[in-house]
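Student: sharing a model prediction with you, sequence too.
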Amino acid sequence: MSLLLRPAPTHPIPSLPVVLRREDRVAVTGGHCPTSGAWAPESQFSAPVILRRGELMPPHDGLAVEWHYTALAAPDSAQPGH
């Protein structure tokens, strides 16, 4: 009996939702961005900015805020959101 094995896919299936830990979904001004994507201040989810992992979380309206991860950034959205 011959058993053929396929190598595991190297990229996650895009249609599956990504489950992130709280520390990867919430960050504060001055800290490093834990996850690349769209981030919005806790008081204004309609004003997201695109940040890359490792960037410093910016202030919002001149104030330190808690930022919440809202979505993955599109591959061509490489602009910083400062």
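Tutor: The structure has been received and is ready for your questions.

Student: neighbours of residue 49, how many?
Tutor: 20 (other C-beta atoms under 10 Å). Just so you know, the C-beta spots here come from the backbone N, C-alpha and C atoms, and that holds for glycine as well.

Student: next one: phi and psi at it?
Tutor: The phi and psi values for residue 49, taken as degrees, to the nearest 10, are phi -120, psi 150.

Student: that one pairs with what?
Tutor: With DSSP bridges applied, residue 49 shows beta-bridge pairing to residue 39.

Student: doesn't residue 37 make contact with it?
Tutor: No. Counting by C-beta atoms under 8 Å, residue 49 does not reach residue 37; the two are 10.0 Å apart.

Student: show me where the protein has helices.
Tutor: All helices of the chain, identified by DSSP state H, fall at 22-25.

Student: quick one, strands of it?
Tutor: According to DSSP state E, the chain carries its strands in the segments 26-28, 37-41, 49-51, 66-71.

Student: closest to residue 60 out of the ones you listed?
Tutor: Closest to residue 60 of those is strand 37-41 (C-beta to C-beta; 4.2 Å).

Student: for the closest one, packing partners?
Tutor: Strand 37-41 is packed against strand 49-51, strand 66-71, with contacts defined by 3 or more C-beta pairs under 8 Å, 6 or more residues apart in numbering; DSSP states H and E.

Student: residue 52: neighbour count?
Tutor: With other C-beta under 10 Å as criterion, residue 52 counts 15.
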